[in-house]
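1. fold the following for me, if possible:
(one chain, ligands or ions: 1)
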Amino acid sequence: MTAEIIDGKAFAADVRGRVAEHVARLKEENGITPGLAVVLVGEDPASQVYVRSKGRLTVEVGMKSFEHRLPAETPEEELLALIERLNADPEVNGILVQLPLPKHLHEDLIINAIDPAKDVDGFHISNVGLLATGQKAMVPCTPLGCLMLLREQLGSLSGREAVVIGRSNIVGKPMAQLLLRDSCTVTIAHSRTRDIEEVVRRADIVVAAVGRPEMVTADWIKPGATVIDVGINRLAPEEEGGKGRLVGDVDFDGVKAVAGAITPVPGGVGPMTIACLLANTLTATCRAHALEEPEGLTA
Ligand code: NDP
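-> Coordinates of the predicted model:
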């Protein structure tokens with residue numbers, strides 16, 4: 001069997017197109033333009049790249065983009081004061097504080113200062129609780145993107161065995177909650193899981209969010225399973241003849257001979273994350289104005 005390759009890049013472009021259409025309607029019918037504020041503290045090069053492309057794609061779908069770049073040594077009170085201003089600003093519907101933050105800033109404190117209704121990353125403790133209790137939440141972008149890809153690929157997920165590898169707050173745990181919400185039988189595997197290969201081999205759906213290059217190999221996969229690779233790992237240049245290729249947490253070449261469908265890296269989950277950030281900003285805007293939410297763009 002050769003797996004179907006799930007084209008996350010194309011699907012993300014489709015999601016952004018649907019967001020743009022809805023934004024155009026909001027402007028025309030309600031005079032509302034959604035706004036997304038991104039806060040970047042410090043000069044982390046990877047974060048700068050993310051923030052730039054977030055800003056570009058926000059404008060491309062017709063939303064307002066507000067960028068706040070603060071020096072690495074910004075005191076906590078100053079960042080909290082900015083978040084307070086953004087919480088109160090009616091032009092801002094979504095707030096994203098780019099992580100990781102410099103060491104002197106307390107991530108939990110900062111994230112929990114964001115108005116939960118504008119928390120488009122879905123990391124605020126209220127949104128975590130709402131998701132866990134099956135209520136209407138802002139859902140973290142990467143797991144939401146994985147869920148959309150799975151629904152598109154498989155239709156109903158009900159009754160399927162799902163194994164999520166990784167239990168982080170930003171990917172593994174919310175992913176497991178979303179799969180549970182869609183009535184999968186969910187197992188979360190992590191670094192202490194015994195016989196992890198055996199556990200993963202039970203799965204109809206595997207979501208790998210580990211951060212270990214090509215850890216999941218073909219012999220871990222049940223024939224025909226759907227494999228979603230969240231991992232983004234840059235191989236050291238010396239391993240790759242000087243190029244430093246990007247790979248996922250799944251051995252793509254090996255696993256694609258066994259799986260039914262698989263996401264590539266790059267071009268799988270990655271592009272879905274920003275598309276879902278824009279979808280979440282649209283959802284937050286509709287909720288703020290008590291308007292109908294976009295269909296197919298939320299959990
Ligand atoms: P974290 O480091 O926060 O979590 C990794 C998880 O993997 C932990 O739960 C850890 O277990 C588990 N783990 C580590 N080693 C093993 C092992 N040998 N066997 C089983 N489980 C293991 O990572 P994130 O969740 O933040 O990110 C995971 C990956 O996804 C990274 O490559 C990251 O770059 C990528 N990512 C991609 C995004 C995208 O947009 N596509 C967005 C976010 C992340 P334990 O808890 O026991 O330590």
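2. count the neighbours of the residue lying closest to Ala208 once chain neighbours are set aside for me.
-> Excluding its sequence neighbours, the residue lying closest to Ala208 (CB to CB, 6 or more residues apart in numbering) is Asp249, at 4.0 Å. For the C-beta atoms, the positions are set from N, CA and C on the backbone; glycine is no exception. By the other CB atoms under 10 Å criterion, the neighbourhood of Asp249 contains 25 residues.
3. and stretch 103-120, what's buried?
-> Applying a neighbour-count criterion of 16 or more other CB atoms under 10 Å, one finds 105, 110-111, 113-120 buried in stretch 103-120.
4. tell me the one of the residues you listed nearest Ser168?
-> Taking CB to CB as the measure, Ile111 is the one of those closest to Ser168, at 14.1 Å.
5. distance check, that closest one against Glu77.
-> Separation of Ile111 from Glu77 (CB to CB, to the nearest Å) stands at 16 Å.
6. still on that earlier bit, how about the residue nearest to Ala208, phi and psi?
-> The phi/psi pair for Asp249 (degrees, to the nearest 10) reads phi -90, psi 0.
7. send the alpha carbons of the longest helix along the chain over as PDB?
-> Longest helix in the chain by number of residues (criterion: DSSP state H): helix 8-30. What follows is helix 8-30, C-alpha atoms only, in PDB (Å, rounded to 0.1, in the frame of the first residue of the first chain):
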ATOM      1  CA  GLY A   8      -2.000  20.500   4.200                       C
ATOM      2  CA  LYS A   9      -0.700  23.400   2.100                       C
ATOM      3  CA  ALA A  10      -3.600  23.200  -0.300                       C
ATOM      4  CA  PHE A  11      -6.200  22.700   2.400                       C
ATOM      5  CA  ALA A  12      -4.800  25.600   4.400                       C
ATOM      6  CA  ALA A  13      -5.200  27.800   1.300                       C
ATOM      7  CA  ASP A  14      -8.800  26.600   1.000                       C
ATOM      8  CA  VAL A  15      -9.400  27.500   4.700                       C
ATOM      9  CA  ARG A  16      -7.900  31.000   4.300                       C
ATOM     10  CA  GLY A  17     -10.100  31.500   1.200                       C
ATOM     11  CA  ARG A  18     -13.200  30.600   3.200                       C
ATOM     12  CA  VAL A  19     -12.100  33.000   6.000                       C
ATOM     13  CA  ALA A  20     -11.500  35.700   3.400                       C
ATOM     14  CA  GLU A  21     -15.000  35.300   1.900                       C
ATOM     15  CA  HIS A  22     -16.600  35.500   5.400                       C
ATOM     16  CA  VAL A  23     -14.500  38.500   6.300                       C
ATOM     17  CA  ALA A  24     -15.700  40.300   3.000                       C
ATOM     18  CA  ARG A  25     -19.300  39.500   4.000                       C
ATOM     19  CA  LEU A  26     -18.800  40.800   7.500                       C
ATOM     20  CA  LYS A  27     -17.500  44.100   6.100                       C
ATOM     21  CA  GLU A  28     -20.300  44.500   3.600                       C
ATOM     22  CA  GLU A  29     -23.200  43.400   5.700                       C
ATOM     23  CA  ASN A  30     -22.100  44.500   9.100                       C
END
